[in-house]
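Student: Model the structure of this input:
(chains A and B)
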Protein chains: 2
Amino acid sequence: MSSETQKTEGGAPKAEPSQTAPVANVQGDANEELNPDGTPLSDKQRRKRAEKAEKERIKAEKAARLAAEQAARQAADVDFATENYGTKPMNQSRERNNVQLYSIADIHPDKDGESITLQARLQTSRAPSAKLAFFTLRQNLNCVQATLAQAPEKVSRHMLKWATSVTPESIVQVEGIISKVPKPIESASVTVKDAEIKIQKIYVVVPVTWDGQVPFYVDDATRSDADIEASQETSRPLPPIALDTRLDNRVLDLRTPTNQAIFRLNHGICRLFREFLENNGFIEIHTPKLQGAATESGASVFKVDYFKGKAFLAQSPQLGKQMAISADFGRVFEIGPVFRAEDSNTHRHMTEFTGLDLEMAFQEHYHEVSELLNQLFFFIFTELPKRYSAEIATVKRQYPCEEFLVPAKPVNLEFKEAIQMLRDAGYEVGDLDDLSTETERVLGRIVREKYNTDFYMLDKFPLNIRPFYTMPDPNDENYSNSYDFFMRGQEILSGAQRVHDAKFLEERLAAANIPVSAMQSYVDAFRLGAPPHAGGGIGLERVLMLYLGLGNIRRASMFPRDPKRLEP
Amino acid sequence: MSSETQKTEGGAPKAEPSQTAPVANVQGDANEELNPDGTPLSDKQRRKRAEKAEKERIKAEKAARLAAEQAARQAADVDFATENYGTKPMNQSRERNNVQLYSIADIHPDKDGESITLQARLQTSRAPSAKLAFFTLRQNLNCVQATLAQAPEKVSRHMLKWATSVTPESIVQVEGIISKVPKPIESASVTVKDAEIKIQKIYVVVPVTWDGQVPFYVDDATRSDADIEASQETSRPLPPIALDTRLDNRVLDLRTPTNQAIFRLNHGICRLFREFLENNGFIEIHTPKLQGAATESGASVFKVDYFKGKAFLAQSPQLGKQMAISADFGRVFEIGPVFRAEDSNTHRHMTEFTGLDLEMAFQEHYHEVSELLNQLFFFIFTELPKRYSAEIATVKRQYPCEEFLVPAKPVNLEFKEAIQMLRDAGYEVGDLDDLSTETERVLGRIVREKYNTDFYMLDKFPLNIRPFYTMPDPNDENYSNSYDFFMRGQEILSGAQRVHDAKFLEERLAAANIPVSAMQSYVDAFRLGAPPHAGGGIGLERVLMLYLGLGNIRRASMFPRDPKRLEP
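Tutor: This next block holds a predicted model:
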């Protein structure tokens, strides 16, 4: 039942004219004023009767008056607004009316007086009096204030009571008028500050059918830690909502404007990644996640029951994308899931994440690839704030953080230099040891101070801390043609020139004490001649987490997976 | 060692001037012509000596002539071309010379006489004489002919012999001159018909290190079935290459121009899919492939060892994308792997394929979504031939097939009509039975004849053959708000309006005899109010296979997976 097909059957029924109670026999006909025995009445009898009749008349008049009053009250209480509110039946695609729905983002005080219809989530409602209610209506990143005031023949007491009883998170359809407000709306959750909607009709299009109280309210879930902390000293302390509570009820949590923005930015990074690579001659590939062998490290691979045998989930598209290079696709990329069976319960590990992988045949030097990677990131960091300024601003309201610094030109350091910088800062680090999470962070701070950047590349890692397929440095056997990229002191891309020569790959396997048989299909991929190539893998969620300063990678994943979480 | 750093140290050494043998004492000084005892020589003695001297002179002259001839022969055999050919050492990124490399696609008879350097795969070589060799060089979709002819001081016999001994599929760097040819080159594998390269220098940049003969040659792997069949009656029958042989050596097989084209088209479809959806307000999501429960059908789900418990591989992003809709993302799409543990060894089933999924909240009617799907496919079918004409033409050479017919406007039929059409054509089909693979094909032919299209939508499927979460038709409980899309008589998309009301979903589960507990997280996703929505899932490889008429879905997957294949 849509509002268009509803007939005006309501409205206040007209009050019937008040009728006086029957008063027969009060003024009798003289001929009939006799005693039962037929004798005429005495004067006393007549007087008595008249008094009695008068009393009855007064009583009847009073009753009539009371009845009339009650009828009038009843009449006033008939709901004249029934067609202006209510719950619509489940949409089963019965009809199409092409109603024009309005976007909250388009509401502006310039449109004062315009009649609109919109659908939105009911975020909050409150009724400071029996005659007036305030609502916050939400569409994705945007919230608007709407008011409903009792009005004769339009907004009844019943309508107002019903509207304020609608469960938050229901989807409502509102018809109303855009109204400029004299002073900016204070509520932090409202994004349209200078206009509101005066509601004329309100319907629930989709009700909430949650049993009991909803796990939390979206406006509570949108508050910053600072706001929550500050409120603890006040009379209305705000409830902090734990990350696990959010993730357990992720559908609700994802509705916050912050999360609406985060996952638009998640898409934005993928989109910019592809745009840059497609414009640079890359083609997208899809490599299989089901593998016949554990291609990288047996320890962190998930096993799958595969009919009567076993399969393994790809820990990266490494083999697939290198085969694509050997198969002459030249420049390839893939966006897809990466699986890691690591029992790490940290802020930056997940068992499944989205890999942004690329691999590229180069002509002379792997720096052709690392330079392209620098350009790729510069493109992303330049375009994101241009195209997604509203989203970034929305996230910053809940998760304020230092601006992400991008230098004017790429900052590329060699591993050796980094070690020296750390030593100069008083840290004891070995020449050929890997950086720890802690030294990475310290290095990030040192680089930030020196180069005014949160993004840089570290080149020429020690050979012994990189995988066997990494090409050694031609000038120093302790080092390799490999690189990592960092954001805010944390690694977000690891890459290298790969050994493209099968014989040399066998030597490198031997040096790493890995039997060639364990990597047979990998080595075979290079026997038919693979061009020299390099590449890298980017963790999408890490880039997003670090760009926005979210503090935990689970906030950058729509439905995160870790050793303890497989739901929802 | 690159060609630029090589010095001209070779060249033919100059032949030394021929020297006569020593002939002292032949014309003696009279004063010294004495016998050992001091007596003068007799006339006889003098005559004898003169005769002997003359013989020695003749002998010495002959020896000198022979020596001169041998020296000349040796001189001729010195390789004057050593710097013009050879195998370069493995590229370890030692230096950058920024050599400008040429693309075969840019070779044109207008550029006759231009000196170029290019890198390419050596596809074939043949030497009809000891002084001339022909090569086919390949870059992706393009092949060019190159010739190497013996030439004094430039191309030696040794160089020619070496060049023709290079293993096909090696990557070579060639320096040469573009040369217009008088009549078109006949070889089917050569795509540049009106020009060739006259080779001056040729180096192997990456050698083939395959043990023994390569599994097959790329030019053989590029021939059409018709060509192979026709050749069987000739003196040079072409070898057919079985699909399994190709897939076992997929890196080699993928190098055929046909496969280079197929996987550029694979990317093309993804790119157009995204382009259309991004321009229509969709955002890309990444839903987890690791699931805590088997969300659709336990029978065809892969089990994963997940630490001390079990996980399941998502059979589709159904749950994830519907949760995204319930979480207010409005319009979402995902391109990602889909896993099906079905032991089906058919031409159109794989255990892992690429799903192009989308889901969309609609305003009034699910036809808003099916109309958008029609527009999406029309966009793909219109843009593919515009943007990828070379690729499509390349594939058609190996896999000729009827042109894919797209109608002027969408052809949408109801299931009921389809049943009637099949009956009219003499097929016995039940009102509410699912179509078989065979009846789908027949229907495809009937629709093609009637509507001149290879693409159409079938709407309003019987409710009982669709999943429990399908919204029933509001007007006939035997049917549902669901649709399939077909290409060349095969299903490529299945979709529907979903039940978005949790209470009604429980009813539908009960009707399907599925306990709610088995689908708890699925049902819970709708308790907080999900907007009415519909969507669908497209099999990328099916679209590609059917558009190009490839006949087997494995040809549309870079590294296909089926119950019997997990490698490479």
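Student: Next SSE downstream of the helix or strand where A:K62 lies?
Tutor: Using DSSP states H and E, A:K62 maps to helix A:43-77. Counting by DSSP H and E, the element after helix A:43-77 in chain order, helix or strand, is strand A:85-87.
Student: for that next one, packing partners?
Tutor: helix A:157-165, strand A:195-206 (3 or more CB pairs under 8 Å, 6 or more residues apart in numbering or on different chains; DSSP states H and E). C-betas here are computed from N, CA, C, even on glycine.
Student: want to try JSON lines for the ones you listed, with mean pLDDT, mean neighbour count and distance to B:H367 as columns?
Tutor: Listed next are these as JSON lines, based on pLDDT from 0 to 100; neighbours: other CB atoms under 10 Å in any protein chain shown; distance: least, CB to CB, whole Å:
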{"stretch": "helix A:157-165", "mean pLDDT": "95", "mean neighbour count": "18", "distance to B:H367": "31"}
{"stretch": "strand A:195-206", "mean pLDDT": "97", "mean neighbour count": "22", "distance to B:H367": "18"}
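Student: Low-confidence stretches in the stretch 451-568 of chain A?
Tutor: Within the stretch 451-568 of chain A, no range satisfies pLDDT under 70.
Student: what ranges do the strands span in it?
Tutor: A:455-459, A:482-487, A:490-497, A:533-539 (DSSP state E, counting those that start in this stretch).
Student: For A:V218, which of those strands is the nearest?
Tutor: strand A:533-539 (28.5 Å; CB to CB).
Student: Mind listing the strands the closest one pairs with, and their directions?
Tutor: strand A:352-361 (antiparallel), strand A:490-497 (antiparallel) (DSSP bridges).
Student: from those strands, which stretch is densest packed?
Tutor: Highest mean neighbour count among the strands paired with strand A:533-539 (mean count of other CB atoms under 10 Å in any protein chain shown): strand A:352-361, with a mean of 25.
Student: Sketch out the low-pLDDT regions of chain A for me.
Tutor: In chain A (pLDDT under 70), the answer is A:1-34, A:36, A:38, A:73-76, A:295-299.
Student: Mind naming the longest strand for it?
Tutor: Secondary structure of chain A per DSSP state E: the longest strand is strand A:115-129.
Student: OK, contacts around A:E342?
Tutor: When contacts are counted by CB atoms under 8 Å, 6 or more residues apart in numbering or on different chains, A:E342 touches A:S300, A:H349, A:T351.
Student: and chain B, which of those reach it?
Tutor: A:T351 (CB under 8 Å from any CB of the partner chain).
Student: re the thing from before, and the angle from the helix holding A:K62 to helix A:157-165?
Tutor: 40 degrees (axes from the mean of the first three to the mean of the last three CA atoms, to 10 degrees).
Student: In helix A:43-77, which residues are buried?
Tutor: By 16 or more other CB atoms under 10 Å in any protein chain shown, the buried positions in helix A:43-77 come out as A:A53, A:A68.
Student: Return the backbone torsion pair for the residue in the stretch 301-450 of chain A that chain B sits nearest to.
Tutor: As assessed by CB to the nearest CB, chain B sits closest to A:A327 within the stretch 301-450 of chain A, at 3.6 Å. Here is the backbone geometry of A:A327 (degrees, to the nearest 10): phi -90, psi 20.
Student: Next, count neighbours for it.
Tutor: For A:A327, the neighbour count with other CB atoms under 10 Å in any protein chain shown is 25.
Student: Give me the nearest residue to it, chain neighbours excluded.
Tutor: B:L254 (3.6 Å; CB to CB, 6 or more residues apart in numbering or on different chains).
Student: distance of that neighbour from A:E477?
Tutor: 34 Å (CB to CB, to the nearest Å).
Student: what about those two, which has more around it?
Tutor: B:L254 (23 against 9).
Student: List buried residues within the contacts of A:E342.
Tutor: Buried subset of the contacts of A:E342 (neighbour count, 16+ other CB under 10 Å): A:H349, A:T351.
Student: In JSON lines: the contacts of A:E342, plus distance to A:Q150.
Tutor: Formatted as JSON lines, the contacts of A:E342 follow (distance: CB to CB, whole Å):
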{"residue": "A:S300", "distance to A:Q150": "64"}
{"residue": "A:H349", "distance to A:Q150": "56"}
{"residue": "A:T351", "distance to A:Q150": "55"}
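Student: that older thread, pairing partners for the longest strand of chain A, with directions?
Tutor: Here, using DSSP bridges, strand A:115-129 pairs with strand A:132-139 (antiparallel), strand A:171-180 (antiparallel).
Student: So what touches the longest one?
Tutor: The one in question is strand A:171-180. Contacts for strand A:171-180 (CB under 8 Å, 6+ apart): A:3, A:88, A:107-109, A:111-122, A:137, A:146, A:166, A:194-206, B:529, B:531.
Student: buried ones in that strand?
Tutor: A:I171, A:V172, A:Q173, A:V174, A:E175, A:G176, A:I178, A:S179.
Student: Look up which residues are beta-bridged to the fifth one.
Tutor: Meaning A:E175. Bridge pairing for A:E175 - DSSP bridges - gives A:T117, A:K201.
Student: quick one: it and A:L118, what's the gap?
Tutor: In terms of CB to CB, A:E175 sits 8 Å off from A:L118.
Student: Counting neighbours, what do you get for A:V181?
Tutor: 15.
Student: And for A:D424?
Tutor: There are 9 residues near A:D424, going by other CB under 10 Å.
Student: That one and A:H365: what is the separation?
Tutor: With CB to CB as the criterion, A:D424 and A:H365 are 30 Å apart.
Student: just A:R565 next, same as before
Tutor: 43 Å.
Student: and if you look at A:R488?
Tutor: The separation that A:R488 has from A:H365, given CB to CB, amounts to 29 Å.
Student: tally of neighbours for the residue of the stretch 451-568 of chain A found nearest chain B?
Tutor: Closest residue of the stretch 451-568 of chain A to chain B, CB to the nearest CB: A:L566 (3.4 Å). For A:L566, the count of nearby residues is 23 (other CB under 10 Å).
Student: A:G281 too?
Tutor: A:G281 has 9 nearby residues by other CB under 10 Å.
Student: same check, this time on A:E83
Tutor: Other residues close to A:E83 by other CB under 10 Å number 16.
Student: A:Q322 is nearest to which of the strands of the stretch 451-568 of chain A?
Tutor: strand A:533-539 (7.2 Å).
Student: Just the CA trace of that closest one, in PDB.
Tutor: Taking Å, rounded to 0.1, in the frame of the first residue of the first chain, the C-alpha atoms of strand A:533-539 are listed here in PDB:
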ATOM      1  CA  HIS A 533      60.700  -8.600 -14.100                       C
ATOM      2  CA  ALA A 534      59.900  -7.100 -10.700                       C
ATOM      3  CA  GLY A 535      56.800  -6.400  -8.800                       C
ATOM      4  CA  GLY A 536      55.200  -6.000  -5.500                       C
ATOM      5  CA  GLY A 537      52.200  -6.700  -3.300                       C
ATOM      6  CA  ILE A 538      50.300  -4.000  -1.500                       C
ATOM      7  CA  GLY A 539      47.900  -4.700   1.400                       C
END
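Student: got the angle between it and strand A:482-487?
Tutor: Using the same axes, to 10 degrees: strand A:533-539 against strand A:482-487 is 30 degrees.
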